Every structure is written in structure tokens, then in C-alpha cells.
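[1] Turn this into a model:
(chains A and B, ligands or ions: 3)
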Amino acid sequence: MGKKAILIDITKCVGCQQCAIACKEENNLPDIEETKLSATAYTVVEERGDHYVRRLCMHCNEPTCVSVCPVGAFDKTPEGAIIYNENKCIGCRYCMMACPFQVPRYEWNSTTPRVQKCRMCIERIQTGDIPACVQACETGASQFGDYYQMLQQAHQAIKNEPDKYVNHIYGEKEVGGTSVLYISDVPFEKLGFKTNLGTMPLPDLTWEALSKIPSVVLVGGTLLYGIWWITNRRKEVAEFERKIKEQEKESKED
Amino acid sequence: MKNSFFGKLTFWKVTAIIILIIAAYAVIVRFTYGLGAVTNLKDEFPWGLWIGFDILCGVGLAAGGFTLCGIVYIFNIKSFKPIVRPAVLTAFLGYLLVIAALLIDLGRPYRIWHAIIMWNPRSVMFEVAWCVMLYTTVLALEFSPAVLEKLRWKFPLKIIKSITIPLVILGVLLSTLHQSSLGSVYLIVPSKLYAFWYSPLLPVFFFLSALTIGFAMVIIESYLSSRAFNRQLELPLLIRLGQVMPVLLLVQLVIKIIDFANRGIFNLLFIPRTETYLFYFEILLAIIIPMLMLFNKKIRHSRAGLFYASLIAVLGFILNRMNVSITGMEAGSGTSYTPHWMEFFITLGIVTLGFIAFSYAVKYLNVFEKSSEQVVAESSVVNLAKQLGLQVDK
Ligand code: SF4
Ligand code: SF4
Ligand code: SF4
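    Ligands and ions are numbered 1, 2, ... in the order given. Okay, the predicted model is just below:
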């Protein structure tokens, strides 16, 4: 199938909310208007000054949520979609705490709560269709296609109109790159995007520590055993010497 | 004299009962209406008081178990033996309570066993889960002689005693991994955790501070119990602990300075904002004050001096864990969080349960060595348990 991407051109978004409505329909979510991502809104269009920013899961190339989940409830599909499996989830919420884009949402008022977020309409795209939200977009602000083609298209747009667009594709490099890409005519930090995330995939940070466990166990175990052996030996030797002395005493007395 | 003690006794008893009733109510609400009904947690701030205090502080304060086991069995300093068992019991109960808190905090606690069969070795939480499971088992085994002696089961007792050394080594290793991995949990949030606390050395800091606080807890427990039972405290032993502590604190301070230099963030120390003040406060309590106190020979050689230095260090330790898990995360998460009153009461209830469980264990098992002329330092917990009105025999 190959890797897919959603390209969002902020300059073309008019805030009509068609994507949000279509997403709710597609995923059978309650038909209420929401202004923030929630367990019942996988995508929303947020007003930022005179601009509109559509938010949804970024579908990271090296997803933090996949790496942190202790039970492996998140998977990355060959299309690059990050999919949550509610049957595995134990509800530790580490995925929510760790996601750099603060995307996953929780069903706080349920006794069998699930994590909720955009699924890149995986069933649709696996049958060759495009996501419901992209299909609903009438202005071309949201587009869907092959990842490299979308990236190319973003570069082309900036190259064609360098005065209009800022020279930054948000999602090209952030935390190792994402499958949702944004282009804009104002700097991203002015639109509330996090621009301090760096280009290093976050899972590398924890792997750095985790990969040291075997050596900690090996070195630590040997060290502890060694110390015990020495201190124990000392005690034995002391005991032995004491006995010898006692024996000597006895033999002298004899 | 007797009267006033009795008055105190009822007061604590009543307080404990009230706390437990409110906590039980909160737990019922939590399991009927979900986490949202009893917590102020939200999507942008999914971890709160239970993770920050019950789990991070709980595990840290249980560190006395592995430090004492290491001292007595690995370093063969047998003079500390009388206080090993109470320390192991405190650690064991501490871990059971951490698990209890975890079961309340998890969205779907009945699936906790998933971690055993659904592996993700790239997750720190996976490591944490295994450390909790394995180390609680080790602690149970380490404490089991107390139960087996009571039951007079000679054979299993013999087996346990014969594997003491491997068990202790395993315990120390698992503790090291567990204490440090709780710090590693936060390695994944460089953009959320404020720079004072976010550091690639988080696991090192978590381990070293837990080690130090293990000593501090032993000193505190010994001091309070010796006061409660009017017994002579074995001062020379505690002075030896009090000698190690400031060295460990100094090591932490030096690493912290090197870490700040490496990351070039000294300038942040002069920005007037909440995090800065909290950080100064934390460093003073957790490191500077106890270190200076314990480097002073006169203070170190007095019971009260040792006790207050340790107490300040423990408060600083708790502040550090709260800063890492809550206050240091607020700005980066773009939100604020104050625990719901029911979160407080569930935490209080869990702590109360710990005291009660400890007092029962002390009542029915040989936690403290009775015979020796050696003075037995009993735990503060016994004292409180006594005040809760529970019979504790010596
Ligand atoms: S944006 Fe967050 S939830 Fe989405 S894939 Fe990335 S880490 Fe996972
Ligand atoms: S809340 Fe569920 S999906 Fe998220 S990390 Fe925990 S177990 Fe995994
Ligand atoms: S891709 Fe599908 S699930 Fe995701 S926001 Fe669009 S419609 Fe919703």
C-alpha cells in the first residue's frame, strides 16, 4: 500500500467544520459541536486569530504512543496510520502523558474507559478510499495521498509562492517526522504549534536508558556478589583465626 | 499521664475510621462513575496525585528495605540486623500499597495481568510493571521467615534462609532498576517537564535520591520508635548512617551542577517564576540543609540532629517527586492541576491502611527481635499504630 499522508494547507482553511462533521459521522460519534479534541472528537478546527487550524493525531513516523504503551496497544500500519487496540489497553494513560502533541483523549467518565484519537480512517484507506474528513473538505485545505507525493507537493507549494508561505513544513522533521503535514503563511509558533519539539524521535530518549538494563544487571550483580564474597570471606577468615588461636591456647595449657 | 494518652488514642482511632470511611466512599464512586468523578485529571494532564505521591514517593520511601538488606547481607555489617525486618516489612507493605494505588489509578485495573503476556520491551512502563511484580515477590520472600517462624514450618524456612544471599542480590538489583526507571518514565517528555527537572540523568537522580532517602527513613523510624517505647536508641549505628548520607547528598549536588552546566541552563535560576522558587526550595530541603547539618559533627552525633536532618531530607524528597510529576509538568502541558478532594482522601486512606497493616503484622509476627541485650530500634509506624488503638506487643 505504501505510506500515506494528510497535507493541511492552513491558508486554504475557511473554518467550515465540514471535516469535523464528516469524521463524527464516519466514526459514529455523538453529533455535537466541539471546540477541543475529546474522546468524541477526533478532529476539530480551532480558531487562532484570523486563521483556522485543524487538529488531529499526527501519525508520527516514530510514534511515542507506540513506544510507551506497556502492553503494546498501539500499532503502526504499513500506511503509517497509528491505530489503538482497546482490547489490550490497561488504562495507564502513559500514551497521553507522553504524546508530544497531546492528542490521545480518555473516556474519563466511563467504567470501561478507552483512549480515543483519529484512526486515519484505516478501513477506508486500506480499500483505496480517502479519509472521510479529507473527502468532506471543499477548499482543498486537507489533502490525502502517497506520503512522498504529499511532501513533494508541500515543497512545491512553498517554492511556487515563497512570499506567501513560510519556509517550514510542520511535521516534516518534528520528532522524526509525521504523516500529517502542515504548510502555513504565518510562523507556526504564532498558531499555537509546538515548535520546541526538536527532530529527534522521542522513543530514542527512553531507549537510551532502557538499553542499559542488561549491563546494569550484569555489572551490578557481579559487583554485589563480589562484595558479598569478600566481606563473607573476611568474616570466615576472622573466625578461623580465632579458632586457631583458641586451639593454640588449649595446646599450650595442655 | 494515662488519661492524656488515652485521649490521644481515641482521637487517632476516630480520625483513622473517618478517613477510611470517606476513602471507601471515594473508591466506590470511582468504580461506579469512572475516574472523572473523583479526580481532577484531564486529557492534557492525565497523571496526578496518585502517580506523583502514592507511587513515586511510595516506592522511594520504601527504599530503606533494599539499602538495609544490602548493608547487612552484602556488606556483612551485622550490627544493623535488628532493624532489617521492620525495614523489609515497611518496604513490603509500601509496595502492596503502591499496587493498591495503581489498581485505583488504572483505567482498567482488571487487566493488570496484560503486562505479563503482552510485551513491549521498548516501554519504560513495561519495565516498571515487571520491577513492581518481581520486587514485591522478592520482598514477600524476604519477609516470609517472620511468617514461617510463627507457623513453625521448618522446611520452607530452611529453604528461604539458604537462598538469602541470591534473594538479597536480586532485590537490590530490582530496586536499582525500579527506582531509576521511575525517573526514566519522564525521559519521554522533554517538551513538557520544566528544564530544572528534565535531564538525561533523571534515572540517576531518582536512584541516588532514593538511596539517600532509604537511610533517612531508617533514622526517622528508629528515632520515633525509640521515643515511643522509651528505649535507648542505638546511636553509633545511626551516626554511621548519618555519615554516609551527606556524602551521597554531596554527590547529588555535584552531579546536578555538572548536569546544569552541560545543558547550559544556569540562567534559568534567575527567571522569576513559580518553578524557580520551587526548585530553590527543593534543593534547600532535599540537599543543602540536610547535607550541611550532617557534615556538622555536633549535629550528627545527636539524636535530634540526625532526626531533623533526615526529616528535612524526606520532605525535600517528596517535594522533588511532586515537582517532577506535577508542578514541573503544568506549564509544559499548558494547563494546571489541583487534586480533587476525593483524590486526597483515597491517598490518605491508603496511607492509613498501611499503618494498620503494619501494626497487625507486628502484633502477630516476630518483626522485632525480642531477646537481645541489643537495643531494638522499632519503627515509628508501630508508634502510630499504637495510637490508632491497635495492640502492639513487644
Ligand atoms: S501524535 Fe501522539 S497519538 Fe498521534 S501518533 Fe504521534 S504520539 Fe501517537
Ligand atoms: S492507556 Fe492504554 S494505550 Fe495508553 S499507554 Fe496505557 S495501556 Fe497503552
Ligand atoms: S482521518 Fe478519519 S478518523 Fe481521522 S480525523 Fe479524518 S475522518 Fe476522523
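
[2] how far away is the residue of the stretch 51-200 of chain B found nearest chain A from B:Tyr25?
    The nearest approach of the stretch 51-200 of chain B to chain A comes at B:Gly107, 2.1 Å away (CB to the nearest CB). (C-beta placed from N, C-alpha, C; glycine too.) Shown here: B:Gly107 relative to B:Tyr25, a distance of 20 Å by CB to CB, to the nearest Å.

[3] element containing A:Leu7, please.
    strand A:4-9 (DSSP states H and E).

[4] which secondary structure elements does that strand contact?
    Under the contact criterion of 3 or more CB pairs under 8 Å, 6 or more residues apart in numbering or on different chains; DSSP states H and E, strand A:4-9 touches strand A:142-146, helix A:147-160, strand A:180-183.

[5] Could you verify my assumption that the residue of the stretch 51-200 of chain B closest to chain A touches A:Arg93?
    Yes: with contact defined as CB atoms under 8 Å, B:Gly107 counts as touching A:Arg93 (6.8 Å).

[6] burial count for B:Cys131?
    Residues contacting B:Cys131 under the criterion other CB atoms under 10 Å in any protein chain shown number 21.

[7] Thought B:Ser184 was touching it, still the case?
    No: B:Cys131 is beyond contact range of B:Ser184, at 11.0 Å (criterion: CB under 8 Å).

[8] Does stretch A:160-170 reach chain B?
    No: Stretch A:160-170 does not reach chain B (CB under 8 Å from any CB of the partner chain); its nearest approach is 14.5 Å.

[9] Need the contact partners of that stretch.
    Residues outside stretch A:160-170 that contact it (CB atoms under 8 Å, 6 or more residues apart in numbering or on different chains): A:11, A:151, A:154-155, A:157-158, A:181-188, A:193.

[10] go again using 6 Å as the cut-off
    Under the contact criterion CB atoms under 6 Å, 6 or more residues apart in numbering or on different chains, stretch A:160-170 has outside partners A:Ala154, A:Ile158, A:Leu181, A:Tyr182, A:Ile183, A:Ser184, A:Asp185, A:Pro187, A:Phe188, A:Phe193.

[11] show me what contacts the first one?
    Meaning A:Ala154. A:Ala154 neighbours (CB under 6 Å, 6+ apart): A:Leu7, A:Ile169, A:Leu181, A:Ile183.

[12] same thing but at 10 Å, please
    Counting by CB atoms under 10 Å, 6 or more residues apart in numbering or on different chains, A:Ala154 makes contact with A:5, A:7-9, A:143, A:165, A:168-172, A:181-183.

[13] With the third one instead?
    If you count contacts by CB under 10 Å, 6+ apart, A:Leu181 has them with A:5-9, A:58, A:143, A:147, A:150-151, A:153-154, A:169-172, A:174.

[14] just the last one next, same as before
    For A:Phe193, the set of contacting residues under the criterion of CB under 10 Å, 6+ apart consists of A:Ile10, A:Arg48, A:Val53, A:Arg55, A:Phe101, A:His168, A:Tyr170, A:Gly171, A:Glu174, A:Tyr182, A:Ser184, A:Pro187.

[15] Least confident secondary structure element in chain A?
    helix A:213-253 (a mean of 86; mean pLDDT, DSSP states H and E).

[16] Please name the nearest non-neighbouring residue to residue 66.
    Going with chain A. A:Phe74 (4.3 Å; CB to CB, 6 or more residues apart in numbering or on different chains).

[17] switch to chain B, that's the one I care about
    Spatial nearest neighbour of B:Phe66, excluding adjacent residues (CB to CB, 6+ apart): B:Ser175 at 3.8 Å.
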